[in-house]
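1. have a look at this prediction, sequence included:
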Amino acid sequence: AIRYHKWEVKYEYKSLDCYQKLAITINGQTPGPTIVAEKDDTVVVELKNSLLTENVAIHWHGIHQKGTPWFDGTAGVTQCPIVPGDTFVYKFVVDRPGTYMYHAHYGLQRTNGLYGMIQVSLPPGVSEPYTYDHEESILLVDWYHQSTYEQATGLNSLNFVWVGEPQSLLIQGKGMFNCSTLAAGLCNATNPECSPYVMTVVPGKTYRLRIGSLTSLSALSFEIEGHNLTVVEADGSNVEPFVVKNLFIYSGETYSVLIKADQAPTRNYWIVSTVVGRNRTTPNGLGILNYSPNNPSTSPPTVPPVGPAWNDVEPRLAQSQSIKARKDYITRPPKKSDRTIILLNTQNNISGYIRWSVSNVSYTLPNTPYLIAVKDKLHHVFNQGHPPNDYDSQHYDIFSPPENPSATTSNKIYKLRFNSVVDIILQNANTLSKNTSETHPWHLHGHNFWVMGYGKGKFDIHEDPKKYNLVDPILKNTVSVQPYGWTALRFRADNPGVWFFHCHIDYHMFLGMAVVFEEGIEKLGTLPTSIMGCGKAKVSDRT
Ligand SMILES: O=C1O[C@H]([C@@H](O)CO)C(O)=C1O
């Protein structure tokens, strides 16, 4: 079937956490409408850019775009951005069931609220390997009061100004900033827009909660007071079920958890999101699990759970390692790879600017999208050299701030042999500040990868691969790399196109923490002209 959506994207004043600021809405909403489809449906989104003075592009996060790489929605990589007043039509097939998301992929635009969820269900007659009575999607984000223009300017200045921690955490677009800390005016605690998120349940029933995170910065813990969460899906893959009290979720990840309304039905319970991985100054996001027929707006009688310690990496690593493919749904990875690329994650000072970089190269996007430049052999629009396959891993001290006299910015891309098996080692290291290493969620466009293993310290190319999980690794599109640790991934370069691979923290991506892969471009037919119109990709220049 065709799932047709007509969207108008515009700025509107919203008070999502009681503080009024301009947010980007789709048909008046943020989060935007949930796209509901069945496996193999075609989703068509006719998007009108009514942002007046800002371009837009939308990425369909987790959708592989087999045969339609031009609709991946990544400005500068797969398309020219959609200019104000223009309408662009995205059209793609959702070929795998699961929980996915969509969001802006232009500058720091995602941070303004341009996002939503995608639910792909199985066709009638086919069922999931677990049962539930109802399902619900919720999107978790962090929320800043400063505009993205101020943020981008601060990050991109010689006098680097960091954005700091978010002011609020939103659960499905709802939060509560403590207005008493601000002068009266823009913040209004009685604004009905900032009432907490409520999920109503019927005692005894089981719910599938599809949870996605599109935070700009924060890693989160999610919990429902007094209730177990049984994890059954991660990034669209069935997970061998395991039970947690709190679910750690990184920006770019999705999970399905089952919850049973099996607690005392006479009261409501707190739904809580908490910042982890960074020294927490943001108040927890709070929602209400409402046991019908109690009043949905009655606060639970208890003090909300405070969440886990922000700096305890162990339970987070343990959860990542618990995520295995579900029995009977295992796709085994190839036993060996054809190529290994080691990507060092650091900050660098490049000509006085603070940047994030990958193997000492900080990414910059050319103004002609790669897909067009590669397909149409516009060799002059980006550097045709090869980015590094490794960093100086023999000598590099991952536990000290980088010296990196040779750090540079570049727009070179990795050319992968079509259908080859590629291993990626994400090696985390120290930032520019002593004794600091951050958590980075890496997201790959156009593919799932097998998560082969996690480790602490420096990856050992001789020993560590022997410990890879070749038996039941999960297939995901986003994975975390813990401070001073490494994560190993494997994927097959079998999807013709040009694909972004980047830290899903918006500010880190903006500061260069990304690479681009190209594979099998010669297999693609003619590119649609709707993706052209910028840089050297102007149709008129080429006929
Ligand atoms: O990108 C970042 O910059 C700051 C800090 O490293 C420099 O102020 C921070 O915490 C980040 O995650």
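-> Received, thanks. No experiment lies behind these values; they were computed from the predicted model shown.
2. residue 414 versus residue 375, what's the distance?
-> 17 Å (C-beta to C-beta, to the nearest Å). Glycine gets a C-beta too; all of them are placed from N, C-alpha and C.
3. quick check, residue 484 in contact with residue 427.
-> No. With contacts counted by C-beta atoms under 8 Å, residue 484 stays clear of residue 427, the gap being 9.4 Å.
4. show me which of those two is the more surrounded one.
-> Comparing residue 484 with residue 427 by neighbour count (other C-beta atoms under 10 Å), the higher total belongs to residue 427, at 26 against 19.
5. show me the beta-bridge partners of residue 481.
-> Note on residue 481: beta-bridge partners by DSSP bridges are residue 440.
6. ditto for residue 119
-> residue 36, residue 99.
7. then residue 89?
-> residue 46.
8. who's in contact with the residue in the chain positioned nearest to the ligand?
-> Using C-beta to the nearest ligand atom, the closest approach of the chain to the ligand is made by residue 162 at 3.9 Å. By C-beta atoms under 8 Å, 6 or more residues apart in numbering, the contact list for residue 162 reads 154, 155.
9. now do the one 10 residues further on
-> Contact criterion C-beta under 8 Å, 6+ apart gives 31, 138, 139, 197, 287 as the residues in contact with residue 172.
10. quick revisit: element containing the residue of the chain closest to the ligand, please.
-> Assigned by DSSP states H and E, residue 162 belongs to no helix or strand.
11. hmm, back to that, among the contacts of residue 172, which ones are in strands?
-> 138, 139, 197, 287 (DSSP state E).
12. about what we covered before: now do the residue of the chain closest to the ligand against residue 156, distance only.
-> 12 Å.
13. and if you look at residue 368?
-> For residue 368 relative to residue 156 (C-beta to C-beta), the value is 21 Å.
14. repeat that for residue 420.
-> Applying C-beta to C-beta, the value for residue 420 to residue 156 is 36 Å.
15. in this structure residue 338 contacts residue 416, no?
-> No. Here residue 338 lies out of contact with residue 416, judged by C-beta under 8 Å, at a distance of 9.1 Å.
16. now do the shared contacts for these two.
-> residue 422.
17. those two: which is more packed in?
-> The neighbour comparison of residue 338 against residue 416 (other C-beta under 10 Å) goes to residue 416, with 21 against 14.
18. does that one touch residue 495 like I think?
-> No. Contact between residue 416 and residue 495 fails when scored by C-beta under 8 Å: they sit 10.1 Å apart.
19. what touches both of those two?
-> Shared contacts of residue 416 and residue 495, defined by C-beta under 8 Å, 6+ apart, are found at residue 519.
20. thinking again about what came up before, wait, which of the ones in strands among the contacts of residue 172 is closest to residue 79?
-> residue 139 (23.8 Å; C-beta to C-beta).
21. tell me what that closest one is bridged to.
-> Residues in a beta bridge with residue 139, per DSSP bridges, are residue 212.
22. likewise residue 453?
-> For residue 453, the beta-bridge partners are residue 488 (DSSP bridges).
23. for it, give me its contacts.
-> Contacts of residue 453 by C-beta under 8 Å, 6+ apart are 464, 467, 468, 469, 487, 488.
24. cutoff 10 Å now
-> 321, 425, 459, 464-470, 473, 486-490 (C-beta atoms under 10 Å, 6 or more residues apart in numbering).
25. low pLDDT regions in this structure?
-> Applying pLDDT under 70 to the chain flags residues 184, 538-543.
26. how about the helices in the stretch 201-350 of the chain?
-> 313-322 (DSSP state H, counting those that start in this stretch).
27. what residues does it have near the ligand?
-> residue 347 (C-beta under 6 Å from any ligand atom).
28. what about the helices in the stretch 351-500 of the chain?
-> 370-375.
29. and the stretch 1-150 of the chain, by the same measure?
-> Ranges of helices within the stretch 1-150 of the chain are 148-155, based on DSSP H, counting those that start in this stretch.
30. where do the strands sit along it?
-> 2-14, 21-26, 35-38, 41-49, 58-61, 87-94, 98-104, 115-121, 134-143 (DSSP state E, counting those that start in this stretch).
31. walk me through which strands the fifth one pairs with, and which way each runs.
-> Strands that pair with strand 58-61, judged by DSSP bridges, come out as strand 98-104 (antiparallel).
32. next, the angle strand 134-143 makes with the strand it pairs with.
-> 30 degrees (axes from the mean of the first three to the mean of the last three C-alpha atoms, to 10 degrees).
33. can I get strand 98-104 in CSV? Just the C-alpha atoms.
-> Output of strand 98-104 as CSV, limited to C-alpha atoms (Å, rounded to 0.1, in the frame of the first residue of the first chain):
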residue,chain,number,x,y,z
GLY,A,98,10.4,-2.3,13.3
THR,A,99,10.6,1.0,15.0
TYR,A,100,12.3,3.8,13.2
MET,A,101,12.4,7.6,13.2
TYR,A,102,12.6,10.6,11.0
HIS,A,103,14.4,13.9,11.6
ALA,A,104,15.9,17.0,10.0
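34. excluding its backbone neighbours, what's nearest residue 143?
-> Counting by C-beta to C-beta, 6 or more residues apart in numbering, residue 168 is the residue found nearest to residue 143 once chain neighbours are left out, at 4.4 Å.
35. does that neighbour touch residue 179 like I think?
-> No. The pair residue 168 / residue 179 is not scored as a contact, 11.1 Å apart, by C-beta atoms under 10 Å.
36. between those two, what contacts are shared?
-> Shared contacts of residue 168 and residue 179, counting by C-beta under 10 Å, 6+ apart, come down to 17, 18, 19, 194.
37. quick one: residues contacting the last one.
-> Okay, so that is residue 194. Contacts of residue 194 by C-beta under 10 Å, 6+ apart are 14-20, 168, 170, 173-177, 179, 187-188.
38. show me what contacts the closest residue to it other than its chain neighbours?
-> Among residues not flanking residue 194 along the chain, residue 18 sits closest, at 3.9 Å (C-beta to C-beta, 6+ apart). By C-beta under 10 Å, 6+ apart, residue 18 lies in contact with 168, 175-179, 182, 186-191, 193-195.
39. go through those and flag which are in strands.
-> residue 168.
40. of the contacts of residue 18, which is the most crowded?
-> Most surrounded of these: other C-beta under 10 Å gives residue 175, at 29 neighbours.
41. quick one: residues contacting that residue.
-> Residues near residue 175 by C-beta under 10 Å, 6+ apart: 15-19, 141-143, 166-169, 194, 196-197, 273, 282-287.
42. could you give the number of residues near the closest residue to residue 345 other than its chain neighbours?
-> Distances taken as C-beta to C-beta, 6+ apart place residue 428 nearest to residue 345, at 4.8 Å, with adjacent residues excluded. Neighbour count of residue 428, defined by other C-beta under 10 Å: 26.
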